[in-house]
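Asks: Could you work out the structure for the sequence below:
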Amino acid sequence: MPSLYIPSFLEAGAWLPFAGLALVRVVSAGGLWWTAVLGMAAGMPVVAGGYQTSLYAAYGLALGRKILLDTDVFSSPQPTERTSPPPSARRSPR
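Replies: Numbering: from 1, shown residues only. From the prediction side, this is the model:
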């Protein structure tokens with residue numbers, strides 16, 4: 001709780017949600033715009049003066065990137081091959 005009274009921690013940490021959103025957009029769709037936003041949002045905690053918080057934010061963004069890429073959250077599921085039911089399961093017409 002004592003860190004709530006230190007503005008440099010709060011100012012640096014305020015950029016983390018914006019960087020997380022940009023990270024999700026870069027991983028899901030890519031694009032130069034979101035890459036630039038991610039770079040800006042990841043660099044702003046250093047400019048704000050919270051060096052320890054920016055290091056923790058960098059660790060969190062790296063871990064988030066690894067999780068997003070390893071779990072294939074944004075990949076579409078592969079269609080499964082449909083097969084006809086076995087002859088014993090087919091109903092005869094009445």
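
Asks: so where do the helices sit in the protein?
Replies: For the chain, the helices defined by DSSP state H occupy 7-13, 16-28, 32-48, 51-70.

Asks: export those to a markdown table and tack on mean neighbour count and mean pLDDT?
Replies: For every residue, glycine as well, the C-beta is placed using N, CA and C. Supplementary listing: those in a markdown table, determined by neighbours: other Cβ atoms under 10 Å; pLDDT from 0 to 100:
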| stretch | mean neighbour count | mean pLDDT |
| --- | --- | --- |
| helix 7-13 | 16 | 77 |
| helix 16-28 | 17 | 89 |
| helix 32-48 | 16 | 90 |
| helix 51-70 | 14 | 87 |
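
Asks: any idea how far residue 29 lies from residue 52?
Replies: Computed as Cβ to Cβ, to the nearest Å, the residue 29 to residue 52 distance reads 32 Å.

Asks: From residue 43, how far off is the spatially closest residue to residue 24 that is not a sequence neighbour?
Replies: Spatial nearest neighbour of residue 24, chain neighbours left out: residue 68 (6.9 Å); criterion: Cβ to Cβ, 6 or more residues apart in numbering. Using Cβ to Cβ, residue 68 is found at 20 Å from residue 43.
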